[in-house]
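Trainee: predicted model and sequence follow; I will ask about them next.
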Amino acid sequence: MITGATGFIGSRLLERLVRDGIQGQPVHVVAIARHPETLPDALRGQVECHGLDLAEAPLDAIVAACGQGAIVYHLAANASVAGGKAAARSNVRATERLIEALRGCAPKRVVYASSIGAVDRAPDDPCTEPLDESAPAHPLTRYGASKLEGERLVAASGLPFSIVRPTWVYGPHMRADSHLRVFLDMVRAGKLASRINFAGRVSVVHVDDLCDALLLAGLHEAALGQTFFVTDNEPVSLGTLFHELGEITGQSAGAIPLPALLASPARALRRWLPLSVQCLNSDVLMATSARLGALGFAPRVARRRGLVELARSTAPMGDRWIVTGAASGIGRALATMLHAAGHAVVAVDYDAAGLEALRQECPGTIPVHADLATGNGRALVARAIDDGPLAGLVNCAGIGARGDVRDVPESTQSRVLAVNIEALADASTRAVRRMAQQKSGGTLVNVASSAALQPLPGMAAYAASKAFVLSYSEALAEELAESAVRVITVCPGGTDTGFQASSGVKRVEGEQLMPASAVAARMLAAIRRGRSTTVLMGGRTHAMALMARALPRQVLVRLWGRLMGKLR
């Protein structure tokens, strides 16, 4: 039996029990909620629903819903931190009446969903160690106090029980006014606070992992009469959360350090500050689930995957995009951002393992394993382009090879030209023709390089291939200027990807390379502006463009020949 069955956690647990049963066996599920009609029709038809307000419903109606010998998951709650009468009503009064109804129903176990807020931190706690079940309770909000009272009621009821204290729970369909969902909205809106690298750490847990914990607490013999914190056991600073959400959504976040002149006094004055301010610089809401781990609990959802899922679940459904070179580097970062923005992403790459890793992080992504140096690989891309309406194509796949033309194998040079020129031109032509027939048009994004701006002795074929991409793409942009098709040409400077290692390029000691996510974010911003453009990224790229215009061609080539010989 689940109370609060239409809520964020309750509905997720309900879906799990209907789909998987318990230990592989189907179960009869009773759902109690104030408005069970909000459950999806398909789900409502598979469970026994009772529309009850536990704080007010007649006791005999609650008894009838509870039945006999149930495992009861009491998840119904008012989660407003402000608390007050609503929290007392939903978190205390409703729990009292449920316990009263269950006394004659012989439940196998009552699993009470409490909160880390029932404990929080004592004023003299230095907040240097994660909370565990031995920590004294000192709730800092009326919500936390109401959950602590609920714990006491359950523990004193005489019924078989387990108490679960989730940390920050996140996932699809979480409340819009709840922690990580608020953070996500702040990052998307570019709020100043989201740009700050706050040092305070919190513990989080994905809703699916919490469901695992709830089921374990309801079934394991050793969980009887015990209380458990539930977390993914990877405490994370608020600044890191902002930064990760920024990487996923293509926004700058969590990068500005908070001056020590502000952070240190804030920690010293913690006990007198509101909880929301305490958490910015102190590890107030950090806990460990070691006790539950001893019973076999092991979180399965990686935080980044969970944050991507959260972002996608809050975005409008988008259109279909194809990204080549999507298994790593810039392509991987942009494919993730497009997926998180709600788009259907077709990911093309030669790296099958990288594609699978992307698919795990971004479920629903369609992987296309293709070697673009071959006709068969290019045919797979053509098939993907023709597969339906297409909002955009991003040609991010590219390879290079360092070496003198006398030393680089002909087959290697042929692959560089085939991937960087033939595959890109074939896909661009096919995609542009398709998008030109669509009323909505579409966007073609071709990734060139700062290497396109001048010849590079030592990487002659690579630089020439990227010069082709730059010239070709800018020409396409002019040809399509009167159409609804936009062409974006991107020339990034040195970027921290696997390109240097795979192409044999040396990394200069102390060299500052752009993060792939930063380049992808600039690309996404250009896509959203909705017009054809050429984007030069990085100070070095702008300097190279200036040199290419200012220096005589012969001098430029000699200069780069010497630089490549010494540095690369």
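Mentor: Arrived safely, thanks for sending. Just so you know, these numbers come straight off a predicted model, no measurement behind them.

Trainee: what are the ranges of the helices in the stretch 201-350 of the chain?
Mentor: For the stretch 201-350 of the chain, applying DSSP state H, counting those that start in this stretch gives helices covering 207-219, 238-249, 260-268, 275-281, 290-293, 303-313, 329-340.

Trainee: so how far is Gly375 from the nearest residue to Thr374 once chain neighbours are set aside?
Mentor: Excluding the flanking residues, the one nearest Thr374 by C-beta to C-beta, 6 or more residues apart in numbering is Ala418, at 7.8 Å. Heads up, the C-betas are built off the backbone N, CA and C, glycines and all. Separation of Ala418 from Gly375 (C-beta to C-beta, to the nearest Å): 9 Å.

Trainee: more crowded one of these two?
Mentor: Neighbour totals were compared for Ala418 and Gly375, and Ala418 leads with 20 against 13 (other C-beta atoms under 10 Å).

Trainee: quick one: contacts for the more buried one?
Mentor: Contact analysis of Ala418 by C-beta atoms under 8 Å, 6 or more residues apart in numbering lists 372-374.

Trainee: please repeat the previous calculation with a cut-off of 10 Å.
Mentor: Going by C-beta atoms under 10 Å, 6 or more residues apart in numbering, Ala418 touches 371-375, 377-378, 399, 424, 465.

Trainee: can you give me the pLDDT of the residue lying closest to Asp212 once chain neighbours are set aside?
Mentor: Computed as C-beta to C-beta, 6+ apart, the closest residue to Asp212 that is not its neighbour in sequence is Phe297, at 6.6 Å. Note on Phe297: pLDDT of 97.

Trainee: how much space between Phe297 and Gly7?
Mentor: In terms of C-beta to C-beta, Phe297 sits 22 Å off from Gly7.

Trainee: give me the average confidence score over whichever strand or helix holds Ala477.
Mentor: Counting by DSSP states H and E, the element that carries Ala477 is helix 460-479. Helix 460-479 shows a mean pLDDT of 96.

Trainee: where is the longest strand in the chain?
Mentor: Using DSSP state E, we find that the single longest strand of the chain is strand 485-492.

Trainee: okay, now the sheet partners of that one, with direction.
Mentor: strand 442-447 (parallel), strand 533-537 (parallel) (DSSP bridges).

Trainee: quick one, what contacts Ile527?
Mentor: 250, 321, 334, 337-338, 341, 391-392, 394, 443, 445, 486, 488.

Trainee: going by distance to Ala113, which of those residues wins?
Mentor: Nearest to Ala113 among these: Ala341, at 32.2 Å, using C-beta to C-beta.

Trainee: excluding covalently adjacent residues, which one is nearest to the closest one?
Mentor: Using C-beta to C-beta, 6+ apart, the nearest residue to Ala341 is Ala315, at 5.2 Å.

Trainee: count the residues that sit near that neighbour.
Mentor: By other C-beta under 10 Å, neighbour count at Ala315 equals 16.

Trainee: ok, it touching Asp185?
Mentor: No - here Ala315 does not reach Asp185: they are 11.4 Å apart, not a contact under C-beta atoms under 10 Å.

Trainee: ok, back up a step: look up how far Gly254 lies from the residue nearest to Ala341.
Mentor: From Ala315 across to Gly254, the span is 20 Å (C-beta to C-beta).

Trainee: centre of the chain to the helix or strand hosting Gln500, how far?
Mentor: Secondary structure from DSSP H and E places Gln500 in helix 499-503. Centroid displacement of helix 499-503 relative to its chain, using C-alpha atoms, centre = their mean, to the nearest Å, is 27 Å.

Trainee: packing partners for the next helix or strand after it?
Mentor: Using DSSP H and E, the helix or strand that follows helix 499-503 in sequence is strand 514-515. Applying 3 or more C-beta pairs under 10 Å, 6 or more residues apart in numbering; DSSP states H and E, one finds that strand 514-515 contacts helix 329-340, strand 495-496, helix 539-550.

Trainee: okay if I get these as CSV plus distance to Ala189 and mean pLDDT?
Mentor: Below are the helices and strands packed on strand 514-515 laid out as CSV (distance: least, C-beta to C-beta, whole Å; pLDDT from 0 to 100):
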stretch, distance to Ala189, mean pLDDT
helix 329-340, 15, 97
strand 495-496, 27, 83
helix 539-550, 28, 87
